[in-house]
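3D, please:
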Amino acid sequence: MTDLVVKAAYATVATEDGQVFVGFVDARDEAYALFRQPVGGGPIWFEVNDEDFGAEDAIAGAGIGAEGLVITLSPAKMGRFGYASRVAVRLKACEGADDAVRALQKMGVAGL
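Got it, this is the predicted structure:
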């Protein structure tokens, strides 16, 4: 079971101010999952629905399966996410998902 779910309608990949951004957005209720990393590599910032629910180096692992893109959070960072242990990003009807997942692979998200 997943603790947080984003039913993504579309995904974006952008580079701005020396950072690569990968976002998955549910257009109906404005829920989102956002990944950010410096262009040259480095720690990945991950947040869900609000900057207050995010942290650097929060991702312990990731995978794609029946639930979509599932992010397992580092136990040390779970408090930043309301003590959720996993986040699922549903990709079934997500426009741009393939490009976004490839960008996450380039970032080095563990498990992808």
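
pLDDT weak spots in the chain?
Applying pLDDT under 70 to the chain flags residues 1-2.

tell me which stretches of it form strands.
Assigned by DSSP state E, the chain shows strands spanning 4-7, 10-16, 19-26, 31-38, 45-48, 54-56, 59-65, 68-73, 86-90.

as CSV, these with distance to Ala103 and mean neighbour count would be great.
Where you see a C-beta, it was placed from the backbone N, CA and C, and this is true even at glycine. Formatted as CSV, these follow (distance: least, Cβ to Cβ, whole Å; neighbours: other Cβ atoms under 10 Å):
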stretch, distance to Ala103, mean neighbour count
strand 4-7, 16, 20
strand 10-16, 4, 15
strand 19-26, 5, 20
strand 31-38, 8, 20
strand 45-48, 13, 23
strand 54-56, 18, 18
strand 59-65, 13, 16
strand 68-73, 12, 22
strand 86-90, 13, 23
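
looking at those strands, which is closest to Gly79?
Across the strands of the chain, Gly79 has its closest neighbour in strand 54-56 (8.8 Å, Cβ to Cβ).

contacts for that closest one, please.
Contact partners of strand 54-56, identified using Cβ atoms under 8 Å, 6 or more residues apart in numbering, comprise 34, 43-48, 77, 80-81.

try 7 Å this time
Identification of contacts with strand 54-56 by Cβ atoms under 7 Å, 6 or more residues apart in numbering yields 43, 45-48, 77, 80.

could you spell out the sheet neighbours of that strand, each with its direction?
Sheet pairing of strand 54-56 (DSSP bridges) gives strand 45-48 (antiparallel).

report the distance from the strand it pairs with to the chain centre.
Averaging C-alpha positions (Cα atoms, centre = their mean, to the nearest Å) puts strand 45-48 6 Å from its chain's average.
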